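Novice: sharing a model prediction with you, sequence too.
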Amino acid sequence: MDYITLALVSGVVVGVLALIPMLAQRGSTRACIAVFLLYFFAAVIVFYGNLPYLPWWGDGMGTTIMMTLPLLFILAGKERKTIPVLLLNALLLGFLISVAKRFLA
């Protein structure tokens, strides 16, 4: 499997994992689509980027936190119950993206 295919497959897997808590909490369709696309593209960015001064396991977490912050500001007024879930998902799924990059690539 080449590098771009691995990045895309990792993005789909992580995006689906991010959707599970959103669907359990009955998040809106827009929020679910936004979260899926956020983690899909975050995986590609993590695979092809490198944040300086961070260890390999912090690269994905830092990228996903930075990409999640604008989404948190958008959801702060309407769907406050999803904010803690999104922050926890950003840390955990960012770590999973880093592990996929480190050990599968």
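Specialist: Now that the structure is in, tell me what you want to look at. Since the structure is predicted, the reported quantities are computational estimates derived from the model, not experimental observations.
Novice: element containing the residue nearest to residue 54 when sequence neighbours are not counted, please.
Specialist: In space, and not counting its chain neighbours, residue 54 is closest to residue 62: 5.6 Å by C-beta to C-beta, 6 or more residues apart in numbering. Backbone N, C-alpha and C define where each C-beta goes, glycine included. Residue 62 is part of helix 56-75 when elements are defined by DSSP states H and E.
Novice: model confidence for the residue nearest to the spatial centre of the chain, exactly?
Specialist: What sits nearest the mean C-alpha location of the chain, by C-alpha atoms, centre = their mean, is residue 39, with 3.3 Å. Here, the pLDDT recorded for residue 39 equals 91.
Novice: with residue 14 instead?
Specialist: pLDDT, residue 14: 93.
Novice: thinking again about what came up before, okay, the strand or helix carrying the residue nearest to the centre of the chain in PDB with CA atoms only?
Specialist: Element membership of residue 39, judged by DSSP H and E, is helix 29-48. In PDB, the C-alpha atoms belonging to helix 29-48 read as follows (Å, rounded to 0.1, in the frame of the first residue of the first chain):
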ATOM      1  CA  THR A  29     -26.000  16.000  10.500                       C
ATOM      2  CA  ARG A  30     -23.800  19.100   9.800                       C
ATOM      3  CA  ALA A  31     -21.700  18.500  12.900                       C
ATOM      4  CA  CYS A  32     -21.200  14.800  12.000                       C
ATOM      5  CA  ILE A  33     -20.100  15.600   8.500                       C
ATOM      6  CA  ALA A  34     -17.800  18.300   9.700                       C
ATOM      7  CA  VAL A  35     -16.200  16.000  12.200                       C
ATOM      8  CA  PHE A  36     -15.700  13.200   9.700                       C
ATOM      9  CA  LEU A  37     -14.100  15.600   7.200                       C
ATOM     10  CA  LEU A  38     -11.900  17.200   9.900                       C
ATOM     11  CA  TYR A  39     -10.300  13.900  10.800                       C
ATOM     12  CA  PHE A  40     -10.200  12.700   7.200                       C
ATOM     13  CA  PHE A  41      -8.100  15.700   6.200                       C
ATOM     14  CA  ALA A  42      -6.200  15.700   9.500                       C
ATOM     15  CA  ALA A  43      -4.800  12.300   8.700                       C
ATOM     16  CA  VAL A  44      -3.500  13.400   5.400                       C
ATOM     17  CA  ILE A  45      -1.900  16.500   6.900                       C
ATOM     18  CA  VAL A  46      -0.300  14.500   9.700                       C
ATOM     19  CA  PHE A  47       1.100  11.900   7.200                       C
ATOM     20  CA  TYR A  48       2.600  14.600   5.000                       C
END
